[in-house]
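> A predicted structure for the sequence below; I have some questions about it.
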Amino acid sequence: TDLTNALRLGTTLDAKERICTTNECNIPTINGHPRNIVRLNKLWHRATYIVVRHEPSTPTLREATEATATSTTEQKRCCLEKTRLLVQRRSSLKDYCPLKLDPCPGGLVGFGESCNYNAQRELLEEMGIAVEWVGLDPNKSVLNTDRGGTCTSKHVMKRLFTFPYESEDLKCWG
């Protein structure tokens, strides 16, 4: 296929980027491998998958009281059900699932890159959401900041689980 030929020639997007490859037990290899070799040979590798939920901010006591006084029961129920899952459409340039809707921003973990740093980088690159790790445990909490570094709201980011995924196209630890 065209994709297989592009992978062999190393002409796919970021083909030469070195990826964190692993064995089947998620133990990293010594040197990693270029992205095109990972895809071509279906090597085990690491990737991050980030679920982004948007929840409306909690109203103040005054706002809640005013809403209760002026809103119908249906309006109140709808207000509570505004939590959204953010999705994105993948670029046409991607070698895996181009133009498909993706419920999880994320990506292949670079060689020498931590999964936490990768998640932070991918969230900024793909969704424009800038976060900074807070506290000693980077799995617990992050702050959302504007471009000037001012804290705009607090968000919680936590690692949910690690899992192996294997298909005819790839072998990945997520």
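Cool, the structure landed. These numbers come from a predicted model, not from an experiment. Numbering: from 1, shown residues only.
> residues of stretch 14-28 that come out buried?
Using 16 or more other Cβ atoms under 10 Å as the test for burial, stretch 14-28 gives 15, 18-22, 28. The way it works is simple: take the backbone N, C-alpha and C, and place the C-beta from them, glycine included.
> any chance of those in CSV, plus pLDDT and distance to Ile37?
Below are the buried residues of stretch 14-28 laid out as CSV (pLDDT from 0 to 100; distance: Cβ to Cβ, whole Å):
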residue, pLDDT, distance to Ile37
Ala15, 76, 9
Arg18, 94, 10
Ile19, 95, 9
Cys20, 96, 13
Thr21, 97, 9
Thr22, 97, 14
Pro28, 96, 16
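> Looking at those residues, which one is closest to Thr83?
Relative to Thr83, the closest of the buried residues of stretch 14-28 is Cys20; by Cβ to Cβ it sits at 32.8 Å.
> pull the helix or strand with minimum mean pLDDT from this structure.
strand 141-145 (a mean of 50; mean pLDDT, DSSP states H and E).
> Flag the shaky bits of the protein, pLDDT-wise.
1, 3-4, 6-7, 10-13, 56-81, 132-157 (pLDDT under 70).
> Phi and psi next, for His33.
With angles defined as degrees, to the nearest 10, His33 sits at phi -150, psi 150.
> Would you check that it makes contact with Thr21?
Yes: counting by Cβ atoms under 8 Å, His33 touches Thr21, with 4.8 Å between them.
> Which neighbours do those two have in common?
Counting by Cβ atoms under 8 Å, 6 or more residues apart in numbering, the contacts common to His33 and Thr21 are 43, 45.
> residue contacts, Val38?
Neighbouring residues of Val38 by Cβ under 8 Å, 6+ apart: 19, 21, 45, 108.
> And for Val51, the neighbour number?
Neighbours of Val51 under the rule other Cβ atoms under 10 Å: 12.
> hang on, I meant Lys158
Lys158 has 10 nearby residues by other Cβ under 10 Å.
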